[in-house]
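>>> Attaching a predicted model along with its sequence, questions to come.
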Number of protein chains: 2
Amino acid sequence: MKILVVGGGAIGGLYGGLLAKAGAKVSFVCRSNYKVIKEHGFDVKTALGDFNFKPEQVLKNTDDYQGVADYVLVTTKVLPEVDFIELLKPVIKNNTTIILLQNGIHIENDIAAAFPGIEIISGLAFVCVSQFEPGIIDHQDYGRLVLGVFPRGLSPKLEAIAELYRSVGLELETTDNIVKCRWKKLVWNAPYNPLSVIGRSATTEDIMLNKAMVTVVKKVMEEVCLLADLDGCPLKETVIDNNLDATEKMTAYKTSMLLDFENGRALETEAILGNAVRFAAENKVEVPYLKFLYVSLKLIERKG
Amino acid sequence: MKILVVGGGAIGGLYGGLLAKAGAKVSFVCRSNYKVIKEHGFDVKTALGDFNFKPEQVLKNTDDYQGVADYVLVTTKVLPEVDFIELLKPVIKNNTTIILLQNGIHIENDIAAAFPGIEIISGLAFVCVSQFEPGIIDHQDYGRLVLGVFPRGLSPKLEAIAELYRSVGLELETTDNIVKCRWKKLVWNAPYNPLSVIGRSATTEDIMLNKAMVTVVKKVMEEVCLLADLDGCPLKETVIDNNLDATEKMTAYKTSMLLDFENGRALETEAILGNAVRFAAENKVEVPYLKFLYVSLKLIERKG
């Protein structure tokens, strides 16, 4: 099985690496760590068993890929400055399946429109993983993947990739409604990610200690539920209380957006909030709390 | 005429100083700059004519004041940790008038309730003034005062203090509806003050350059107008556009709240936003944008 991973970050290194460990022929398109990966490959430190692997091909551009991939696994962040369609065009052939392992909501729409007839698997990673040094993937905690065919359903190629991951001990769930899973994840991400940045390195504990803020967190979650409903993905009524309770009980936690911000990396403002706010506008629904989070992040990033 | 100024900050130094310049017997209660003021008095640098003045009495506490003041001019910030009633009790006699030269909305209510029968003059300062070094008051720009009897009306003691200020060349306006003037000032303060902090040292220009943010600024202003209306102070329909236009045309400006934040001083979150949000709750009106600004500042300050 031939797999091309687009994005040599922590997510790509881990989830691409596990496929290599499972026996697939895995190649990588890397940017900042190209040289290191080309020479040494990835060292993956994980409770699933540390391993090193050298990708079949290490590339600077998708254009340079030799052969036809069965899967193209996209693990880069969803940023407006990255043209995914141009990036993927050279490597999407008739039987190639695209796997989008990325944050946010409605991130599949443009790609699905650009590649009609191509199967898209959309996925969520619930994981703590970092690449503090180029080529060293430090898988700290969790790791569960949720994968489903976009927009709905299951498929043989979904089952095949799920089997590969399970063969190396990864917890993996397939779903016939990945869009709903994305909305469900957004219930947590939409408030806590931006608030951790707006609150100047506020941990989940800092946010939950602020009683007035908890009422606002709840309002944000209600807005997400309202949008999920409009998108044909009604969430259970308990989802908000469950998220609040779970966060209350967590040890103080820095969100991935906060870690991005503290490390000077671009934020996934558009994928996590912008798409939700635009979906609300298309449906003529007011989401003042989501809108405020969205524009506050844009202001912090000085993006008009 | 005997005046006790409570608060030896920039506002106190300037507006107390101008009364001294006008011939009043002005005393001060100071904290951090007590020693400097006791020894050297204030140097006031102002386009109205530089001057030095030594207060009649320089005190650490209101308890120590000798005599009966005709006016007690309160120029400290409105912070929940300051008990103004306890602070003022020792110096409020039958004929003492309290002047509150402070930011925010509904800041007079508690004091009016605590001192029944005592005249309260409430005032707004439109001024750029700083005390970079203890005792050196640097009056950079503007300076206009708006004063009115709280809750409504004019009075002889209001006219008397106005006359003193005018005698030294200060631009001063008296109003029979100071509460309305406070709401009007809040139309600008409510969005720009917190957004400059949330936006990490965002100037007015940074805020106005962000188009999505301008729509949010407008929403905040609409909420303030709604509350003003409920408070019996309907503002003109043009107030929002006028504020937006004026801000658009300003040179990039750092709000006073941002300067406080950058200098590690406490923010007037409760006076500017908390009181407005509480007034909305009492009136069962939803003000999501104001609420968001309010709780974001509380989170930034790590105040539950």
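Structure's in. What do you need?
>>> so after the helix or strand residue A:88 falls within, what's the next helix or strand?
For residue A:88, the host element (DSSP states H and E) is helix A:84-88. Going down the chain from helix A:84-88, the next helix or strand is strand A:97-101, by DSSP H and E.
>>> and the helix or strand just after that next one, what other elements does it pack with?
As assigned by DSSP H and E, the chain's next helix or strand after strand A:97-101 is helix A:109-114. Secondary-structure packing of helix A:109-114 (3 or more CB pairs under 8 Å, 6 or more residues apart in numbering or on different chains; DSSP states H and E): helix A:84-88. (C-beta placed from N, C-alpha, C; glycine too.)
>>> now what about the helix it packs on, what contacts it?
Helix A:84-88 has contacts (CB atoms under 8 Å, 6 or more residues apart in numbering or on different chains) with A:6, A:62, A:72, A:74, A:76, A:78, A:98, A:110, A:111, A:114, A:115.
>>> and the residues you listed, which are buried?
Buried by 16 or more other CB atoms under 10 Å in any protein chain shown: A:6, A:62, A:72, A:74, A:76, A:78, A:98, A:111, A:115, out of the contacts of helix A:84-88.
>>> quick one: pLDDT of the third one?
The one in question is residue A:72. On the pLDDT scale, residue A:72 is placed at 98.
>>> Is it bridged to anything, and to what?
Beta-bridge partners for residue A:72, by DSSP bridges, are residue A:4, residue A:98.
>>> Contacts only, for it.
Residues near residue A:72 by CB under 8 Å, 6+ apart: A:3, A:4, A:5, A:6, A:88, A:91, A:92, A:96, A:97, A:98, A:99.
>>> PyMOL command for the buried members of those residues?
Applying 16+ other CB under 10 Å to these, the buried members can be selected in PyMOL as follows:
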select buried, chain A and resi 3+4+5+6+88+91+92+96+97+98+99
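>>> Could you check the pLDDT of the spatially most central residue of chain A?
For chain A, the residue nearest the mean C-alpha position is residue A:102 (2.4 Å; CA atoms, centre = their mean). pLDDT for residue A:102: 95.
>>> likewise residue A:154?
Per-residue pLDDT puts residue A:154 at 97.
>>> Then residue A:303?
pLDDT at residue A:303 comes out at 85.
>>> Go ahead and confirm it touches residue B:210.
Yes - the pair residue A:303 / residue B:210 is scored as a contact, 7.5 Å apart, by CB atoms under 8 Å.
>>> ok, the helix or strand where residue A:26 lies: who's next to it in the sheet?
Using DSSP H and E, residue A:26 maps to strand A:25-29. If you go by DSSP bridges, strand A:25-29 pairs up with strand A:2-6 (parallel), strand A:58-59 (parallel).
>>> what's the average pLDDT for the longest one?
To tie it back to what came earlier, the one meant is strand A:2-6. 98.
>>> Tell me what angle the helix or strand just after that strand forms with strand A:25-29.
Sequence order places helix A:10-21 as the next helix or strand after strand A:2-6, per DSSP H and E. Orientation of helix A:10-21 against strand A:25-29 (axes from the mean of the first three to the mean of the last three CA atoms, to 10 degrees) gives an angle of 160 degrees.
>>> what's the angle from helix A:10-21 to strand A:97-101?
For helix A:10-21 against strand A:97-101, the angle by the same axes, to 10 degrees is 130 degrees.
>>> Tell me which other helices or strands helix A:10-21 touches.
Applying 3+ CB pairs under 8 Å, 6+ apart, we find helix A:10-21 packed against strand A:2-6, strand A:25-29, strand A:42-45, strand A:51-53, strand A:71-74, strand A:120-133, strand A:136-150, helix A:156-167.
>>> That helix vs strand A:120-133, what angle?
For helix A:10-21 against strand A:120-133, the angle by the same axes, to 10 degrees is 110 degrees.
>>> quick one: helix A:10-21 to strand A:136-150, angle?
Angle of helix A:10-21 versus strand A:136-150, following the same axes, to 10 degrees, is 80 degrees.
>>> now could you export just the CA positions of helix A:10-21 as PDB?
Written as PDB, here are the backbone C-alpha positions of helix A:10-21 (Å, rounded to 0.1, in the frame of the first residue of the first chain):
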ATOM      1  CA  ALA A  10       4.000  16.100  14.600                       C
ATOM      2  CA  ILE A  11       0.600  14.800  13.300                       C
ATOM      3  CA  GLY A  12       2.100  13.700  10.000                       C
ATOM      4  CA  GLY A  13       5.200  12.100  11.700                       C
ATOM      5  CA  LEU A  14       3.100  10.100  14.100                       C
ATOM      6  CA  TYR A  15       0.200   9.000  11.900                       C
ATOM      7  CA  GLY A  16       2.300   8.600   8.800                       C
ATOM      8  CA  GLY A  17       4.900   6.800  10.900                       C
ATOM      9  CA  LEU A  18       2.400   4.300  12.300                       C
ATOM     10  CA  LEU A  19       1.400   3.400   8.800                       C
ATOM     11  CA  ALA A  20       5.000   2.800   7.900                       C
ATOM     12  CA  LYS A  21       5.300   0.700  11.100                       C
END
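>>> What lies in contact with it?
With CB under 8 Å, 6+ apart as the test, helix A:10-21 has contacts from A:1, A:3, A:5-6, A:26, A:28, A:42, A:44, A:46, A:48-49, A:51, A:53, A:55, A:73, A:75-76, A:101, A:125, A:127, A:129-131, A:135, A:137-139, A:143, A:145, A:161, A:164-165, A:168, A:170.
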